[in-house]
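1. Dropping a prediction and its sequence here:
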Amino acid sequence: MGFSLTATQVIFFIASVIIASAVSGVFVAVINDVSSSLSDRGDRVQDQLDYEFTLINDPNNIPTSGNFYHFYLKNIGGKQLSTSNTTFTIFVDGEIVLTENFNFSDTSIKSEEVTIMYVLNTEISVGDHTLRVVGPQAIDDKFEFTI
Amino acid sequence: MGLSLSAAAAIIGVSILISIEIMVGTTIPTMTDTYESYDNMKDRSIDRFQTDINITTITAWANGTNYDLNFTVDNIGSVTLKSSYFNILVNGTSQNFEIEKAYLYPEKQVWFNVTNLPGGAGNHRVKAITGNGISDYETFTTI
């Protein structure tokens, strides 16, 4: 009788330790995941606050060379901006421009620097247009111009 | 029974402490960095509101078949501007330029020289853009 009471207590002790450990493990893992997501979200918010750019062209005089129109994109944010046709999406009058039809003269630009965005002239006809440039973290700029 | 309860409580208590450490260890740096980014963005916005320029006294003269251009930019805002961060567009095309001074202080002016510009007589347009994107246009005529 005495032995079985001790055995029962030992079993209860081990069971309670196992359950507490399992609960603790799950709890710590969940908190770790939440913290990691919160940190990632914070990084994205920081990027949204740091990235800023503008098109500085003269809307009445869009320069060309070969088959491309030149648009000057200036980094007016606080962070180096990666400029490529994969990090940027552009729309002419609401129509998306295929990635193979535009590109940049630089792969990245520091704050207050300018890069040239080349857009294939078949994408833009003669007349008034609106160009919308969407960069990292969906930061965008709209530019109205005339060809 | 009492020992089992104490052991379980101790384990859960330690896990809570570890969780608090994880939360605080990641949340505080994230909040600090986000606040710093927000502060920088606020400063940039305020600088932009307080930046203004005006193009004055444009002179253009023939240089062979091309022409040279000299114009003055007045800082009519209250922010000091770095001249090398300016961009100059003449008839829409970005041009290299020479500048008088490295910094353009408020209420001061600086001249820009652009040489060997293509194009003959007629009306032309110059656009000056500051480092933070504020700009001014002016039209001039070459004979």
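-> Now that the structure is in, tell me what you want to look at.

2. Which secondary structure element is home to the nearest residue to B:Leu89 once chain neighbours are set aside?
-> Take B:Leu89 and drop its neighbours on the chain: the residue closest to it by C-beta to C-beta, 6 or more residues apart in numbering or on different chains is B:Lys127, 4.3 Å away. Every C-beta, even on glycine, is put in place using the N, C-alpha and C of the backbone. Using DSSP states H and E, B:Lys127 falls within strand B:122-129.

3. Could you tell me how far that strand lies from the centre of the chain?
-> 21 Å (C-alpha atoms, centre = their mean, to the nearest Å).

4. Next, the residues that contact the very next helix or strand once past that strand from outside, please.
-> Where DSSP H and E defines the elements, the next helix or strand beyond strand B:122-129 is strand B:135-142. Under the contact criterion C-beta atoms under 8 Å, 6 or more residues apart in numbering or on different chains, strand B:135-142 has outside partners A:56, A:58, B:53-55, B:58, B:60-62, B:67, B:69, B:71, B:73, B:119-129.

5. and the residue of chain A nearest chain B?
-> Taking C-beta to the nearest C-beta as the measure, chain A has A:Asn61 as its residue closest to chain B, at 2.5 Å.

6. where's that residue relative to B:Ile20, distance?
-> With distances taken as C-beta to C-beta, to the nearest Å, A:Asn61 is found 61 Å from B:Ile20.

7. now swap in A:Gly42 and tell me
-> 18 Å.

8. More neighbours: the two, which one.
-> Between A:Gly42 and B:Ile20, counted using other C-beta atoms under 10 Å in any protein chain shown, the more crowded position is A:Gly42 (19 against 11).

9. can I assume the more buried one sits in a helix?
-> Yes. Counting by DSSP: H, G, I helix; E, B strand; the rest coil, A:Gly42 is part of a helix.

10. can you tell me which residues contact the nearest residue to it once chain neighbours are set aside?
-> Excluding the flanking residues, the one nearest A:Gly42 by C-beta to C-beta, 6+ apart is B:Thr30, at 3.5 Å. If a contact means C-beta under 8 Å, 6+ apart, then B:Thr30 has A:38-39, A:42-43 as its contacts.

11. Report pLDDT for residue 45.
-> Just so you know, I chose chain A. Reported pLDDT at A:Val45 in the predicted model: 94.

12. wait, chain B
-> 95.

13. Okay, and it sits in which element?
-> helix B:2-49.

14. next structured bit after that helix?
-> Counting by DSSP H and E, the next helix or strand C-terminal to helix B:2-49 is strand B:53-63.

15. what angle do that next one and strand B:135-142 make?
-> Interaxial angle, strand B:53-63 versus strand B:135-142 (axes from the mean of the first three to the mean of the last three C-alpha atoms, to 10 degrees): 30 degrees.

16. quick one: strand B:53-63 to strand B:122-129, angle?
-> Using the same axes, to 10 degrees, strand B:53-63 lies at 140 degrees relative to strand B:122-129.

17. how far does stretch B:107-121 stretch from start to finish?
-> The straight-line separation of the ends of stretch B:107-121 (C-alpha to C-alpha, to the nearest Å) is 33 Å.

18. How about chain B: which residue is closest to chain A?
-> Chain A sits closest to B:Gly92 of chain B, with a gap of 2.5 Å, by C-beta to the nearest C-beta.

19. which ones are touching the closest residue in space to that residue that isn't next to it in sequence?
-> Closest residue to B:Gly92 apart from its sequence neighbours, by C-beta to C-beta, 6+ apart: A:Asn61 at 2.5 Å. A:Asn61 makes contact with B:89, B:91-93, B:125, according to C-beta under 8 Å, 6+ apart.

20. A:Gly42 now?
-> B:30-31, B:33-34.

21. of all those, which two lie farthest apart?
-> B:Met31 and B:Asp33 (7.5 Å; C-beta to C-beta).

22. Look up the pLDDT of the residue of chain A closest to chain B for me, please.
-> 91.

23. A:Leu81: neighbouring residues, count only.
-> 26.
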